[in-house]
Structure formats: structure tokens, C-alpha cells
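Chemist: predicted model, plus sequence, below.
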Amino acid sequence: MRATQTEIEEAVEALRAGDLVVFPTETVYGLGANAANPAAVAKIFEVKGRPPNHPLIVHLDNPRYLHRWVAEMPPAAEALAAKFWPGPLTLILPKAESVNEVVTGGQDSIGMRVPSHPIAQQLLNAFGGGIAAPSANRFGRLSPTRPEHVRDELGDAVRVILDGGEAPIGLESTIVSCLGGRVQLLRPGFITRSQLEAVVGPVALDGPAPRSPGDRATHYAPSTPLEIVSSDDLELRAGEMVARQEKVAVLAMRPPLQTQRNMTWINAGKRPDAYAHHLYNHLRTLDRAGCARILVQSPPQEERWAAILDRLQRASGMAEDSLELSAG
Ligand code: TXA
Ligand code: MG
């Protein structure tokens, strides 16, 4: 999957002119601006409706340009970068003096990622600089995994949308802070805590991490209320809603015991990678079904499901104080 030379040239021209470009990554679609142009970066916040104190990730095609953005690479960060880049990992590092605070939301750290998606690589390579990019959704909504999600939600606000089809992973990158001599997992993702620990030893789940301040609104969320329900209770809860003449949406890991009118049931299966790949698209589909509630079958308490569980909890408003941490 590659973009044509013309498409890449058009996108690079837009970035150089201070406009926004949507591009695919292996995780989700990004809403990109020239990270060295504060006015262009400010447009990202405007288009997303994102509070200015939520820092952005800067994307590079190659770690050899890190020194332009990062004051210092702690040894743990070096090891993680060597193992997982290019790939779905974001490292929080001490920022270089010259980095504009529009990008970092006023923090003295910066999020860096080297994505592996061939179109992201093509774009970054042709542009030759850093691209600041959050997920290409409006603040607090589900991240886009297909170009049509972006067109529906952001439409005319972006000059170029590079079409890479479906994002392969479908969930946002694993975020790891390497500040202050410790390694801390800030957002679970495709790269699991065990995989990180195999490289750098113990990885903390909480502690004095950099926090993006923000309100406690629900994030990564559909507009329909979402609730996580055990497999045993799915039919019961759905049945109660149907009895009240309410339409109900269900995202499960198995088929229904029996089908019912007024019930939209998606069986997303039992394989975590495939489940993650389709998750946001399924939630968008169920959100459009005009239901009173989305019931989601509680996923297994296993590491391979950790990122999925995290996003489902955020979507349900259940995530605790980590809620605002990875929002937007
Ligand atoms: O997979 C991804 O990470 C996608 C693709 C486009 O790369 N990007 C993405 O960006 O999910 P965004 O902005 O939607 O989420 C990035 C999260 C935000 O919650 C932000 O607060 C956090 O990373 N973040 C960025 N820089 C940070 C910093 N210096 N300190 C703490 N958190 C930071
Ligand atoms: Mg986001």
C-alpha cells in the first residue's frame, strides 16, 4: 500500500504552506501539520476542538532526527526505540529547548513516534521534517481507522487526505514515558507491557507521570451511552431494553443465543488483534444504529486485551483518573 508521487507532492506542498494533511499510520489516521510551524500546529487544535494544553506527538521517518526535538535520550528510551521503531510506540522524552510550546501544550516533555506505515514513511521522508499529529478525529471522539471516517468528521477542514485504506492495527500507539529515570506505561497499545519489560525491565503503571490536564469528559467515545456487561448478562440486559421498546446495540465476542427485533448484534470474535482492528469501525456502526445503549461484552482480563479494555472503559466513562491522560 503506497501513495502515488503526485499525492505525496501535494501533501508535502500543503504541509509547507502551513495546511493540514491527514495520513494513515499503522495505528490510526493522523491529522498532521508541520511541527516546526506554530501557526500550522495551532490549526490542529482548532479543527479538532482540542484544548491547547493537550500535547501532540511529533512523527519522524527516522530516529536520526530526534536531536532536533529531544534534549536527551535516556538509555531505556534508546533500547525501546531500537527494538520497536518504526512501529506503534510513542516515547515521552525531555524536549529540546527550541521546540515550540504549541506542540507540547506547555510541558517540558515531548511525545515522539516513528511510524511504520509505508504511506506515513513516504510522506515524512518527502517532507523531511517532523509532523505533529494527533488522531484525526474531533476531540473526545473515536479515532478514525478509515479515510471515510475522517471525511465524515472533519470534511473540508483538511486540504489533503492520503488514502491508505484500513489502518492495520486500529488502536492508538502504546505511550511510554522515559522521564526522570523511570519507565512508565501511559497508554496501553499493540505493544504490550510484557514486550516493553522484556527490553527495559520493570515498567510502572502509575506514578509521577506527565499529565495532560483536561476535564473529565468521556473520551474515545461514541455518542450512544456504552456499557460493559459480562457475557452471562448480555441477553438479559438486551432483553430488558427490548421489552421497554428500546433499540439496543451489542458488541459481543460470540453470536446471540437468539436474535430479537430491535437488537443490532455484532460478533467481533475472540481474537484480540482482529477485534482491535475492527473495534472503532464497529462502534461507529453501532453508534449510527439509533439505539438507546451499546452493550459491550466484557473482554478477558488478559494482557493481549489490555489496550482494548482500556479504550472500552474510556468509551464507557469508566476509566478512573487516567481518563484525561490519553484523550483526544
Ligand atoms: O497512534 C497514535 O499515537 C496516533 C497516531 C496518529 O500516531 N496519535 C495519537 O495522538 O493517538 P493523540 O494526540 O490522539 O494522542 C496522543 C496522546 C495524548 O493523550 C497526549 O496527551 C499524549 O499522547 N501526549 C503527547 N505528548 C505528551 C507529553 N509530552 N506528555 C504526556 N502525554 C503526552
Ligand atoms: Mg486521539
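Modeler: Looks like it came in fine. Ligands and ions are numbered 1, 2, ... in the order given.
Chemist: in this structure, which spans are strands?
Modeler: Here the chain has its strands, by DSSP state E, at 21-23, 30-34, 57-59, 89-94, 109-113, 131-132, 160-161, 174-177, 184-187, 226-229, 248-252, 263-267, 293-297.
Chemist: can the fifth one be said to contact ligand 1?
Modeler: When you say that, I think you mean strand 109-113. Yes: judged by C-beta under 6 Å from any ligand atom, strand 109-113 comes into contact with ligand 1 through 109-111, 113. (Glycine included, C-beta is placed from N, CA and C.)
Chemist: distance to residue 102 and neighbour count added to those residues, as TSV?
Modeler: TSV is the format used below for these (distance: C-beta to C-beta, whole Å; neighbours: other C-beta atoms under 10 Å):
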residue	distance to residue 102	neighbour count
109	15	22
110	12	27
111	14	28
113	18	27
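Chemist: now pLDDT and distance to residue 165 too, for those, in a markdown table please.
Modeler: Shown next, in a markdown table, are the residues of strand 109-113 next to ligand 1 (pLDDT from 0 to 100; distance: C-beta to C-beta, whole Å):
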| residue | pLDDT | distance to residue 165 |
| --- | --- | --- |
| 109 | 98 | 33 |
| 110 | 98 | 30 |
| 111 | 98 | 26 |
| 113 | 98 | 21 |
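Chemist: closest to residue 60 out of those residues?
Modeler: Among the residues of strand 109-113 next to ligand 1, residue 113 lies closest to residue 60 (C-beta to C-beta), at 7.7 Å.
Chemist: which residue is the nearest non-sequential neighbour of the closest one?
Modeler: Nearest-residue entry for residue 113: residue 90, 4.4 Å, with adjacent residues in sequence omitted and distances by C-beta to C-beta, 6 or more residues apart in numbering.
Chemist: residue contacts, the one you found?
Modeler: Going by C-beta atoms under 8 Å, 6 or more residues apart in numbering, residue 90 touches 57, 111-113, 173-176, 187.
Chemist: if you set the cut-off to 7 Å instead, what comes out?
Modeler: By C-beta atoms under 7 Å, 6 or more residues apart in numbering, the contact set of residue 90 is 57, 111-113, 173, 175.
Chemist: by proximity to ligand 2, which residue of the stretch 51-200 of the chain wins?
Modeler: Per C-beta to the ion, the residue of the stretch 51-200 of the chain with the smallest distance to ligand 2 is residue 135, at 3.3 Å.
Chemist: now do the buried residues in stretch 256-270.
Modeler: For stretch 256-270, the neighbour count (16 or more other C-beta atoms under 10 Å) marks 260, 263-266, 268 as buried.
Chemist: any stretches of the protein with poor pLDDT?
Modeler: Under the criterion pLDDT under 70, the flagged ranges of the chain are 208-218, 319-328.
Chemist: repeat that for 50
Modeler: Counting by pLDDT under 50, the chain contains low-confidence ranges at 213-217, 320-326.
Chemist: how about the residue nearest the centre of it, phi and psi?
Modeler: Closest to where the C-alpha atoms of the chain average out (C-alpha atoms, centre = their mean) is residue 172, at 2.8 Å. Main-chain torsions, residue 172, degrees, to the nearest 10: phi -60, psi 160.
Chemist: hey, where'd the helices end up in the stretch 151-300 of the chain?
Modeler: Remark: helices assigned in the stretch 151-300 of the chain by DSSP state H, counting those that start in this stretch are 193-200, 234-243, 272-287.
Chemist: tell me the residues of this protein that contact ligand 1?
Modeler: Residues of the chain lying near ligand 1 (C-beta under 6 Å from any ligand atom): 25, 27-28, 30, 54-57, 90, 92, 104, 107, 109-111, 113, 133-135, 172-173, 175, 210, 212, 326-328.
Chemist: returning to that earlier point: dump the strands of the chain into TSV; add distance to ligand 2 as well.
Modeler: Shown next, in TSV, are the strands of the chain (distance: least, C-beta to the ion, whole Å):
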stretch	distance to ligand 2
strand 21-23	13
strand 30-34	9
strand 57-59	9
strand 89-94	11
strand 109-113	11
strand 131-132	13
strand 160-161	17
strand 174-177	11
strand 184-187	10
strand 226-229	17
strand 248-252	20
strand 263-267	23
strand 293-297	20
